[in-house]
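In: Take a look and give me a structure for this.
(chains A and B)
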Amino acid sequence: MTFAALIPMAVIVALPLLFFIVRVKKKVTHWLLVVYIGVLLLSVVAAFFIKSDEPEITDRPRDDLYEMLYSGEIYAKGSNLLLKEDSFPIEGEKVRVTSSYGDESSSVYIERKTEDDQKMDVLAYGSFSIAKLDVAEEIVLPAVQLKDETLTIVYPEYQKLKTSIVMNEFTIEQFTGNKKYNSEFQIDGPILLVRIPPDLEIEADSTTELISIDEWK
Amino acid sequence: MSSNVSLVETVKKQYAFKMKAYIDAFSSLVGIQFIAFLFSLGGGSSSMGTSDGYHFELKFYSADLVIIFTFIWIFVTAITITTKPYRNQDFTFVTNRMSSSLSNILFLLSASLLGAFTAVLSRFLIQTVAYFLLKEDLYIASVMTSEMMIGITVSLLYVFWISSIGYFVGTLVQIHKGFALLIPVIVIGSLFYDGFMQRYAMLLILFQFYFLESSMVLFAIKTLITTAVLFFASIAILNRMEVRR
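Out: Numbering: from 1, shown residues only, chains lettered A, B, ... in the order given. Alright, predicted model coming up:
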C-alpha cells in the first residue's frame, strides 16, 4: 500500500478544519464533525494494519480445460491448469479405483503412458477465477491415496469461497482507467487424470466412472 | 475602489457568519455519509454463483455510494440556502445581492471541500470495518497518493458543480414557485419522453459529457466553466430581484 504519504496530507487538510470547528461555539454539530473526521483519520492509520493481497488481475485468455481434455492433450499442453500432482509406485498388476462424491458417482480420466515406469500419476486440473482473480489456491482438492492396490479418492465437502475486493472510487477510475473487475465466475474442474503404465489393469466400483482419453487423441 | 473593498469585507463577514449559522448542514453531511457508509458495508455490487460442489460469493467495497450521497447532500444544501429564511439572515449585515451570493458560493465551496474530502476518506473506514469487524479477507486495489489526490480533486469538482446546479435551481424557484414543479416535471418528463421515443435519454447524454471524460484537464475545464456559468446566472437573476423579497 502506498498511501503512507497520505497521512501527513490528511492531517494537513484536517487540522485547519478541526481548528475552525473547535474554536466556534461547541455545539453538538461541532463535536460530531470532530469525531467524524477523527474516526476517518484513524481509519487511514488502521488501514496500515490490514493484511491484504494486491489483486493480481490476469487478462490473458485462459486455456479451455475441457477442450484440452477432449482433444486428449491435457497432459501435454495443460500445465497452466495443473493444480496438484501425486505419484504412487505400483507393486501389483491391477488397481481398483473407488471414490466418495456425495450420492453421485465421479468421473476419473485415464491415460496410458507409452513407457512402463511402474508409477501411477494422479493429476488434478482446474481453472477457478472470480472477477478475473485466480482463486485456484483456495480450492480444496480431492485427497488421493493408493493402498493395497486400491486408489481411493475422497472429494471435499461443499466449499464456500468468499472474495471481497476494495475498489478505487469512480472519481479515480474515470481518469486512471483501471476498472478491471467484473462479476464473472469461472469454475472449471477440478478433474482428475490418472496416468498409468501401458499394461496395468484398472477397474472401478460403482462410485466411479473411468473414462479413457486415449481414444480421443 | 472603496466599494470593492467594502464588498470584499462584507463577503468575508457574511462567509464567516454563514460558516457558523449553517453549521447544521454539516451534521446532515455526517448523517448522510454514515447512511451511505452502512449501505457500502453491504458490499456495493455483490454477486454469487454456484457450481458442482462450490458456492462463490463476491463483494465489492468502495466509497462510490458515499460520494453519490454527498452529491445529493450538496444539491439539497445549495437549494436550501437560497430559500427565504436563509436569505433574510443576510440582512443582519449591510448587504446586497452580490455579497450575499458570493458568500453563499464561498460557503458552498467550503462545504464541497469538506464533503469531497470526507467522502473519499470514507473508503478507509469502509475497508477497516470490513476487515476488523466483519472479518473479511480483502483484496485491496492499490491506491497511490497521486490517485488519492485525483480522487479528492475530482470529487471536489463534481460536488461543487452539483452545488452550482442546486443553487441555480433554488434561484429559479425564488423567482417563481412554479419552477419547483416545472423543473422535476421537465427532468422526469424528458426521461419518460425519451423512453417513449425509444431513444437514448438526453439527460444521460448530458451527464456522460462529464462522467465519461477521461482527460483530467478537459474534465476540470468542463465542470469549472459549467459551475461558473450557473453561479453567474444565479447571481444575475438574484440581482434583478428586489433587495428584500
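
In: for the chain, where's the lowest mean pLDDT among helices and strands?
Out: Defaulting to chain A. helix A:6-23 (a mean of 60; mean pLDDT, DSSP states H and E).

In: Wait, chain B was what I had in mind.
Out: strand B:47-51 (a mean of 68).

In: Could you check the pLDDT of the spatially most central residue of chain A?
Out: Chain A has A:Val135 as the residue nearest its centroid, 1.6 Å off, counting by CA atoms, centre = their mean. Listed pLDDT for A:Val135 reads 77.

In: A:Ser164 now?
Out: For A:Ser164, the model assigns a pLDDT of 84.

In: quick one, what contacts it?
Out: Going by CB atoms under 8 Å, 6 or more residues apart in numbering or on different chains, A:Ser164 touches B:Gly43, B:Leu58, B:Lys59, B:Phe60, B:Tyr61, B:Ala130, B:Glu136, B:Asp137, B:Leu138, B:Tyr139. (C-beta placed from N, C-alpha, C; glycine too.)

In: same question, A:Asp214
Out: A:Gly72, A:Ile110, A:Glu111, A:Arg112.

In: dump the residue contacts of the second one.
Out: So the one you mean is A:Ile110. A:Leu193, A:Val194, A:Ile196, A:Ile202, A:Leu210, A:Ile211, A:Ser212, A:Ile213, A:Asp214.

In: looking at those, which has the most residues close by?
Out: A:Val194 (23 neighbours; other CB atoms under 10 Å in any protein chain shown).

In: The helix or strand it falls within pairs with which strands, parallel or anti?
Out: According to DSSP states H and E, A:Val194 maps onto strand A:185-196. Note on strand A:185-196: by DSSP bridges, its sheet partners are strand A:106-112 (parallel), strand A:119-130 (antiparallel).

In: tell me the contacts of the residue nearest to A:Val154 when sequence neighbours are not counted?
Out: Closest residue in space to A:Val154, ignoring its immediate chain neighbours: A:Ala143 at 4.5 Å, by CB to CB, 6 or more residues apart in numbering or on different chains. By CB under 8 Å, 6+ apart, the contact list for A:Ala143 reads A:Ile153, A:Val154, A:Pro156.

In: Distance from the chain centre to the lengthiest helix in chain B, please.
Out: If each helix of chain B is counted by residues according to DSSP state H, the longest one is helix B:97-132. Computed by CA atoms, centre = their mean, to the nearest Å, the chain-centroid distance of helix B:97-132 equals 8 Å.

In: Tell me how far B:Gln33 lies from B:Val159.
Out: Remark: distance between B:Gln33 and B:Val159 (CB to CB, to the nearest Å) = 12 Å.

In: Now for these two: what residues contact both?
Out: B:Thr70, B:Ala119.

In: sorry, back to before: from the contacts of A:Ser164, list the ones also adjacent to chain A.
Out: B:Gly43, B:Leu58, B:Lys59, B:Phe60, B:Tyr61, B:Ala130, B:Glu136, B:Asp137, B:Leu138, B:Tyr139 (CB under 8 Å from any CB of the partner chain).

In: Drop anything exposed from those residues.
Out: Buried subset of the ones next to chain A among the contacts of A:Ser164 (neighbour count, 16 or more other CB atoms under 10 Å in any protein chain shown): B:Gly43, B:Leu58, B:Lys59, B:Phe60, B:Tyr61, B:Ala130, B:Glu136, B:Leu138, B:Tyr139.

In: Let's see which of those end up in helices.
Out: Checking these against DSSP H, those in helices are B:Ala130.

In: got the buried ones among the ones next to chain A among the contacts of A:Ser164 as CSV, with pLDDT columns?
Out: CSV is the format used below for those (pLDDT from 0 to 100):
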residue, pLDDT
B:Gly43, 65
B:Leu58, 82
B:Lys59, 85
B:Phe60, 86
B:Tyr61, 89
B:Ala130, 89
B:Glu136, 81
B:Leu138, 81
B:Tyr139, 80
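
In: Give me the subset of the buried ones among the ones next to chain A among the contacts of A:Ser164 lying in strands.
Out: Counting by DSSP state E, the part of those found in strands is B:Leu58, B:Lys59, B:Phe60, B:Tyr61, B:Leu138, B:Tyr139.

In: circling back: tell me which helix or strand comes right after the least confident helix or strand of chain A.
Out: Following helix A:6-23 in sequence, per DSSP H and E, is helix A:28-46.

In: in that next one, what counts as buried?
Out: A:Thr29, A:His30, A:Leu32, A:Leu33, A:Val34, A:Tyr36, A:Ile37, A:Leu40, A:Leu41, A:Ser43, A:Val44, A:Ala46.
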